[in-house]
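Enquirer: Quick one: sequence plus predicted model below, questions after.
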Amino acid sequence: MILLRRSQQGHVYKAGKKTKTWYGIYREDVRKPDGRVVRRQRNIRLGTLSEFPTRAAASRELARRMGNSKALRTTMTFAELFDRWKTTIVPTLKQSTGDLYVYKLKRYVVPVFGSREVASITRY
């Protein structure tokens with residue numbers, strides 16, 4: 001399957017009654033774990049009117065953020081990533097080390113992050 005590279009500028013708009021805030025909306029291609037590619041619409045908060053006083057400044061910020069997401073994203077939950085890791089990496093480890101890692105991840109990490117997308121997990 002050949003993916004076409006699409007170029008777009010997105011759209012910025014203001015919202016809010018008391019504090020006017022700039023938002024940006026754009027579309028991006030996302031690869032599902034089964035290999036399918038779907039198009040998702042993203043709506044992101046860019047900042048307040050005091051941070052970006054003009055539409056052009058808000059558009060530049062949206063372009064900067066879209067530049068960071070040009071790569072095709074993969075939608076995968078942490079639990080799916082853990083299963084892949086368990087089947088590919090654990091056999092290469094020492095038996096006791098692999099067992100300990102699997103136990104700790106199953107016990108503490110997967111219950112908390114299992115249903116979340118890997119791309120949405122950040123340091124905080």
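Expert: Here it is on my side, so go on.

Enquirer: tell me which element Asp99 is part of?
Expert: helix 95-104 (DSSP states H and E).

Enquirer: Can you tell me which helices and strands whichever helix or strand comes after that helix packs against?
Expert: The first helix or strand that comes after helix 95-104 along the chain, using DSSP H and E, is helix 110-113. Counting contacts by 3 or more C-beta pairs under 8 Å, 6 or more residues apart in numbering; DSSP states H and E, helix 110-113 packs against helix 78-88. For every residue, glycine as well, the C-beta is placed using N, CA and C.

Enquirer: Let me know the angle separating the helix it packs on from helix 95-104.
Expert: Helix 78-88 runs at 170 degrees relative to helix 95-104, counting by axes from the mean of the first three to the mean of the last three C-alpha atoms, to 10 degrees.

Enquirer: Does helix 78-88 pack against any helices or strands, and if so which?
Expert: Here helix 78-88 touches helix 110-113, going by 3+ C-beta pairs under 8 Å, 6+ apart.

Enquirer: For Ile121, give me the backbone phi and psi.
Expert: In terms of degrees, to the nearest 10, the main-chain angles of Ile121 are phi -90, psi 120.

Enquirer: so what's it up against?
Expert: 78, 113 (C-beta atoms under 8 Å, 6 or more residues apart in numbering).

Enquirer: Pull the residues that contact the helix holding Asp99.
Expert: Residues outside helix 95-104 that contact it (C-beta under 8 Å, 6+ apart): 86, 90-91, 93.

Enquirer: How about stretch 43-54?
Expert: For stretch 43-54, using C-beta under 8 Å, 6+ apart, the contacting residues are 12, 14, 19-25, 58, 61-62, 65.

Enquirer: Return the member of these nearest to Arg31.
Expert: Arg31 has its nearest neighbour among those in Arg65, at 19.9 Å by C-beta to C-beta.

Enquirer: Can you get me a residue count around the closest one?
Expert: Applying other C-beta atoms under 10 Å, we find 15 residues neighbouring Arg65.

Enquirer: Spatially nearest residue to it, not counting backbone neighbours?
Expert: Once flanking residues are discounted, Arg65 sits nearest to Ile44: 6.6 Å by C-beta to C-beta, 6 or more residues apart in numbering.
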